[in-house]
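Student: Got a sequence here, can you build the structure:
(one chain, ligands or ions: 1)
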Amino acid sequence: MCDARHSLLRIVARSVGLLSVITQIRPVGAFLIYGWQGGGRSVGEVCIVTEENPGASAIAAHREEIDELDLRIIELLEQRSQISRRIQSLRVGQGGTRTVLSREMTVLEQYTARLGRPGAAIAMSVLEFCRGVRPGDGSRRSESPDTPAVTAT
Ligand SMILES: O=C(O)C(=O)C[C@]1(C(=O)O)C=C[C@@H](O)C=C1
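Tutor: Alright, predicted model coming up:
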């Protein structure tokens, strides 16, 4: 009887392994319900316990992809901001304005053409992040206080 139980457990273990390979499920456990029927033959039923949401691992993998993309976007924004500030400093150094509305319109159009309405909001945020000042309000994010914030024409 002990032998029969062990061989049944082995079959169950194999079945669970096989099932998980075939169906890509991740068993977190398996119940074995078994008994005996006439002639000493065992009958068994396997109840496989899987993750609550079998798609959870796929979602986690895609989230990793998104995290990597977000990191790249953040790095690009930092890079863009550095270049933008360099341009602004050069312009201010030449007696010009810190911001140039016509150029901002061109940037805005590029985002909108490609991304539609949400593109406009993204462009505005990108510009705000890069210029450090909002046209008209003179506020600044991190520029030195002795540099006047000049609104473009
Ligand atoms: O292209 C410029 O002239 C910039 O100063 C860069 C930039 C930008 O970040 O895109 C920033 C401020 C200006 O108002 C316009 C555009």
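Student: Name the residues of the helix or strand where S89 lies that are buried.
Tutor: If you go by DSSP states H and E, S89 is part of helix 56-93. Within helix 56-93, the residues scored as buried using 16 or more other CB atoms under 10 Å are 81, 84-85, 88, 91-92. C-beta coordinates here come from the backbone N, C-alpha and C atoms, glycine included.
Student: Among those, which ones lie close to the ligand?
Tutor: Contacts with the ligand within these, as defined by CB under 6 Å from any ligand atom: 84, 88.
Student: just the buried residues of helix 56-93 now: which is nearest the ligand?
Tutor: S84 (3.4 Å; CB to the nearest ligand atom).
Student: Alpha carbons of the helix or strand just after the helix holding S89, in PDB - could you do that?
Tutor: For helix 56-93, the following helix or strand on the C-terminal side (DSSP H and E) is helix 101-115. Taking C-alpha atoms only, helix 101-115 is exported to PDB below (Å, rounded to 0.1, in the frame of the first residue of the first chain):
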ATOM      1  CA  LEU A 101       7.700  81.500 -28.300                       C
ATOM      2  CA  SER A 102       7.900  80.900 -32.000                       C
ATOM      3  CA  ARG A 103      10.400  78.100 -31.400                       C
ATOM      4  CA  GLU A 104       8.200  76.600 -28.700                       C
ATOM      5  CA  MET A 105       5.300  76.600 -31.200                       C
ATOM      6  CA  THR A 106       7.400  74.500 -33.600                       C
ATOM      7  CA  VAL A 107       8.300  72.100 -30.800                       C
ATOM      8  CA  LEU A 108       4.600  71.900 -29.800                       C
ATOM      9  CA  GLU A 109       3.500  71.200 -33.400                       C
ATOM     10  CA  GLN A 110       6.000  68.400 -33.700                       C
ATOM     11  CA  TYR A 111       4.600  66.600 -30.700                       C
ATOM     12  CA  THR A 112       1.000  67.300 -31.700                       C
ATOM     13  CA  ALA A 113       1.500  66.100 -35.300                       C
ATOM     14  CA  ARG A 114       2.800  62.700 -34.000                       C
ATOM     15  CA  LEU A 115       0.900  62.200 -30.800                       C
END
